[in-house]
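Participant: Sequence and predicted structure, then a few things I'm wondering about:
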Amino acid sequence: MAEGGEGEELLRPPLPAGAPGPKRLCSRACPAGGTGAVHPRPGAAGAGSAGPGAGASGAPPALPESLLDAAAKRVAGSWAFERVEGRFQRIPEPVQRRIVYWSFPRSERQICMYSSFQPGRAAAAASPSPAAGPPPPAAPAAPQGEGLPFRRGIRLLETGAVDNVLQVGFHLSGTVTEPATATEPEMTYKVAISFDRCKITSVTCGCGNKDIFYCAHVVALSLYRIRKPDQVKLRLPISETLFQMNRDQLQKFVQYLITAHHTEVLPTAQKLADEILSSNSEINQVHGAPDPTAGASIDDENCWHLDEEQVREQVKLFLSQGGYYGSGKQLNSMFAKVREMLRMRDSNGARMLTLITEQFMADPRLSLWRQQGTGITEKCRQLWDELGALWVCVVLNPHCKLEEKSCWLRQLRKWGEMDVCPLEDGNYGNELPNITNALTQSSSHSQDSLARPRRTVFTRAIEGCDLHWQDSHLQRIISSDFYVSPSYQREGESLLFNSQGQPLWLEHVPTACARVDALRSHGYPREALRLTVAIINTLRLQQQRQLEIYKHQKKELLQRGATTITNLEGWVGHPLNPIGCLFLTLTEACRLEEENCLEISDAGDSKPPVYQHVPVVTGSQDGDESYLSLALEVALMGMGQQRVMPEGLYAQDKVCRNEEQIIARLQDLELDPVLVQTLRKQCILLLEGGPFSGLGEVIHRESVPMHTFAKYLFSALLPHDADLAYKLALRAMRLPVLETTAPSGDVTHPHHLVSVVPSRYPRWFTLGHLESQQCELASTMLTAAKGDMLRLRTVLEAIQKNIHSSSLIFKLAQDAFKIATPADSNSDTTLLNVALELGLQVMRMTLSTLNWRRREMVRWLVTCATEVGVRALVSILQSWYSLFTPTEATSIVAATVMVWGGGEHLLNSQPWDGRTDGQRSSSPALDDSGGRKSGRCWLGHTQVLAMEDSAHRRCRVRVPGWAPGLPAPGEGGAAASPSRTLPSSVVQPNARPFSAHPVLRAHSSPGPVALPF
């Protein structure tokens, strides 16, 4: 049996699961004469202790393995020793020694797996395979891993802290000395390990370790046995040694044993002696006697030692600290440990997951949340999702026995029927029906939505119990890299292959991906890779057929401007994470691993992964196709899928988080020419995908927006194909759920629309986040288009059409202004004009609505106009009635004009001699003292007077025909309304560096704002 899950064969029998039972009873019938036993050879103390290839690492290559060792190794890994004894009446001592020798675990990876939460491959020093000879010396431990039991055990071993090592049958013992520290004296601990069939079945250490995993002392003794087997004294099981003694030797043995430990064993020895001498005692009714060194019996389940009580206690402790970051981190580490055990095909994976689930279901917070009617916290929901996904992997084990699956099915149903069991959609499935469905005309549709079955986090695992792996087409896909369509196809076989003859797997996509995840999780990476390629070929064919369907419906859909075609079950944010599963499966095959790399989750920044192109092994027609390009392609297909927004806060938030996780992994890929070609090709298909693509020309009103995805595509495509990047990003700017029809009176100025929430508004809990992502996409395009007037105009129109939040538009205006006015170079006029245009739109949107940032917006607009130039400032002042209220115009606007130098611009550009209205001089006029200059200009029908002397700078704004206390002028040139008056406080000076003294007199409608764009 292969160790560590390194075998590739899929159809091997599974390893049994469960906890070890009691020690078996050993009895040997004594031959006639009582002395016919095989006597030990001279020097037997070390006989048989060194196996083939157990010499020094620098020794010449070992000789081929002997037939005895090959057979003993096979038997030791798969047969209980009792079965060997029952099969043969007499077993030669050399054979027994070799079986006992090879029964100890041979790989350090399992020791590492059971000594810390860290991944098994963290053991850089671990031996990669159960080779006959000892592994090479361990690499130095990384500083951040010094606290791990596995690393501490290596350090103890390398410092010579392990001593008195003795192996008696299937029992290993020794002492480990902890060196003295500044606070602790030197301590020596006795360690005992029992093992069977290459698994450690129990451990005991004098340190009193109370943890799920092994302590450093158990690690040190185990590694000593693996690395230095020739230095371990090896004896047969104690029952075999007693069998070789006669009566006198047995009596002497017992008496010496009692003498050596009389204070400890004398009461027990006398009790046993009394029972043996009593003919009716229970001990005389049993044939044979127990032997703790003889290994497990045939009926005992063979599995690694796992302290179930400690697992329960640790999970209960972590759940009780649910509000802390560290507790969720530890529970995720336990889930990672379960996956590692499944990958090593260790039966303790399902056993540990069962223990964790029991504690999760016993969490008292579940009842409290249910009574209060509140949803589960986000961190806890993520843990429950991982729990459900792990159970899907467990029940989809390719070698799961029917009785095991039936047992799991009963347990999963029992958990799922409990009232406190969390629902799959975050406890919103029954309490909060879809608002959109509730508003539709069809009452039957609404009733169906309300009456749908209850789906818990275990429902998908329960459904997975009905799946099997016996399909012949599926078996051929996962068993061969070169499985192609036969020359003569039978009826129905044409649907199983594409036009190139490559196999397809026609199954519900998330379910097919769950199979891939199960193969990965149970240590079958090659089989998972083959099934992944078949799924991608199926998705490609589906994409081609969708394009053909859209071509026939394109004219009708474009005329209608909307579509009802969408996927009710999206792949991004799905409980089974299908796209993430396929992407990880493909990238793991291309990942370059650094040698002696110790991955520590507690460490700081980890290095980004490095990938290389690995050609697809199947009969691909594309010579440049690799697993890495397939990973990029399937991620783009999944992210670009048009899908309806799910119900509930958690489900919608999960869509956003899953999308960001996939994009973060995509950003780790270094785009070379092969990947750029894949990216460009898939982007074109997404743009032409019609209603089946989230980036198609026509999408559903409640389709999940593509802003975050498009931002990644834009940044990735921009250096290689700018036209395609802008086309894609501009199309992704839409947010149909907020769009309303434009007023018929002004279709040429989309910025005149006011943000109005539609009456039939779906319950989108993440709408604020989606709008912020839309703003980020627009900001990215504005930054990239700096200096390009045509592209800036196109982006500006998209912003004015699709963004409905005044605060976000104001943020875009500020971003554009900041980018256009760098501190170390000249300003960019085109981008400044875009910032001003966005600012004007914000003023119009917030003029009649309340916004707590209105004063900041007004000041910023005047500042931006001043930076653009006096012409822009004059245009704003001419059209002040459509941008500002009279209070803002006479207080904030006038003051800001003077503060930022606008008055000086007017003063220098249009001076006045101070004597006759309407006359202008070519230079500022000086008074008699020569210390003051003044200027006046007409902005439309508004008169602005700017005066400056050695001590003051003042500005007066006069509107002819108006005085304080009279009604304010109407907007748009209409007569003044008696109901609207301007308070007299507005004419008071502002306490600012440059005082403003507004005096309004009259008003007439000015013309529209004209900007030099």
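Facilitator: Looks like it arrived, so ask away. Numbers count the residues shown, from 1 in each chain.

Participant: Quick check: Leu242 touching Leu250?
Facilitator: Yes: Leu242 lies in contact with Leu250 (Cβ atoms under 8 Å); the separation is 6.7 Å. The C-beta positions use only the backbone N, C-alpha and C, and glycine is treated the same way.

Participant: Looking at those two, which is more packed in?
Facilitator: Leu242 (17 against 12; other Cβ atoms under 10 Å).

Participant: How far away from the center of its chain is the host helix or strand of that one?
Facilitator: In the assignment (DSSP states H and E), Leu242 maps to helix 238-243. Centre-to-centre, helix 238-243 and its host chain are 56 Å apart (Cα atoms, centre = their mean, to the nearest Å).

Participant: next SSE after that helix?
Facilitator: Once helix 238-243 ends, the next helix or strand along the chain (criterion: DSSP H and E) is helix 247-260.

Participant: tell me which residues in the next helix or strand after that next one are buried?
Facilitator: Next along the chain after helix 247-260, taking DSSP H and E as the criterion, comes helix 262-277. Buried positions in helix 262-277, judged by neighbour count with 16 or more other Cβ atoms under 10 Å: Ala269.

Participant: what does helix 262-277 contact?
Facilitator: The contact list for helix 262-277, computed with Cβ atoms under 8 Å, 6 or more residues apart in numbering, reads Val254, Leu257, Ile258, Ser281, Glu282, Ile283, Asn284.

Participant: Would you tell me what the next helix or strand after it is?
Facilitator: From helix 262-277, the next helix or strand downstream (DSSP H and E) is strand 289-290.

Participant: That following strand: how far from the chain's middle?
Facilitator: Its chain's average C-alpha position is 52 Å from that of strand 289-290, according to Cα atoms, centre = their mean.

Participant: Within the sheet, what are the partner strands of that strand, with directions?
Facilitator: strand 25-26 (antiparallel) (DSSP bridges).

Participant: hey, C-alpha coordinates of the helix or strand that the strand it pairs with is followed by in CSV?
Facilitator: Going down the chain from strand 25-26, the next helix or strand is helix 67-78, by DSSP H and E. In CSV, the C-alpha atoms belonging to helix 67-78 read as follows (Å, rounded to 0.1, in the frame of the first residue of the first chain):
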residue,chain,number,x,y,z
LEU,A,67,12.7,-10.6,-1.5
LEU,A,68,12.3,-11.0,2.3
ASP,A,69,12.3,-7.2,2.8
ALA,A,70,9.9,-6.6,-0.2
ALA,A,71,7.4,-9.1,1.2
ALA,A,72,7.8,-8.0,4.8
LYS,A,73,7.3,-4.3,3.8
ARG,A,74,4.1,-5.2,1.9
VAL,A,75,2.7,-7.3,4.7
ALA,A,76,3.7,-4.8,7.4
GLY,A,77,1.7,-2.0,5.7
SER,A,78,-1.5,-3.9,5.0
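
Participant: got the buried residues for helix 67-78?
Facilitator: Applying 16+ other Cβ under 10 Å to helix 67-78 flags Asp69, Ala72, Lys73, Val75, Ala76, Gly77 as buried.

Participant: Does the second one touch Gln96 like I think?
Facilitator: Just to be clear, that refers to Ala72. No: here Ala72 lies out of contact with Gln96, judged by Cβ under 8 Å, at a distance of 9.1 Å.

Participant: can you give me the helices in the stretch 51-200 of the chain?
Facilitator: 67-78, 81-87, 93-102, 108-113, 149-158 (DSSP state H, counting those that start in this stretch).

Participant: Buried deepest among those, which one?
Facilitator: Compared across these, helix 108-113 shows the largest average neighbour count, a mean of 26 (mean count of other Cβ atoms under 10 Å).

Participant: what's the longest strand in this protein?
Facilitator: strand 187-196 (DSSP state E).

Participant: what's that one packed up against?
Facilitator: Packing partners of strand 187-196 (3 or more Cβ pairs under 8 Å, 6 or more residues apart in numbering; DSSP states H and E): strand 171-178, strand 199-205, helix 216-227.

Participant: Counting neighbours, which bits of that strand end up buried?
Facilitator: By neighbour count on 16+ other Cβ under 10 Å, the buried set for strand 187-196 is Tyr189, Val191, Ala192, Ile193, Ser194, Phe195, Asp196.

Participant: Using CSV, write out every CA atom in stretch 656-672.
Facilitator: Extracted in CSV, the C-alpha atoms of stretch 656-672 (Å, rounded to 0.1, in the frame of the first residue of the first chain):
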residue,chain,number,x,y,z
CYS,A,656,-18.6,40.2,-4.0
ARG,A,657,-16.0,38.4,-1.8
ASN,A,658,-15.6,35.4,-4.1
GLU,A,659,-15.2,37.7,-7.1
GLU,A,660,-12.4,39.6,-5.3
GLN,A,661,-10.7,36.4,-4.3
ILE,A,662,-10.6,35.1,-7.9
ILE,A,663,-9.3,38.4,-9.1
ALA,A,664,-6.6,38.4,-6.5
ARG,A,665,-5.5,35.0,-7.8
LEU,A,666,-5.6,36.2,-11.4
GLN,A,667,-3.4,39.2,-10.5
ASP,A,668,-0.7,36.7,-9.4
LEU,A,669,-0.4,35.5,-13.0
GLU,A,670,2.3,37.2,-15.0
LEU,A,671,0.7,37.9,-18.4
ASP,A,672,3.0,36.6,-21.1
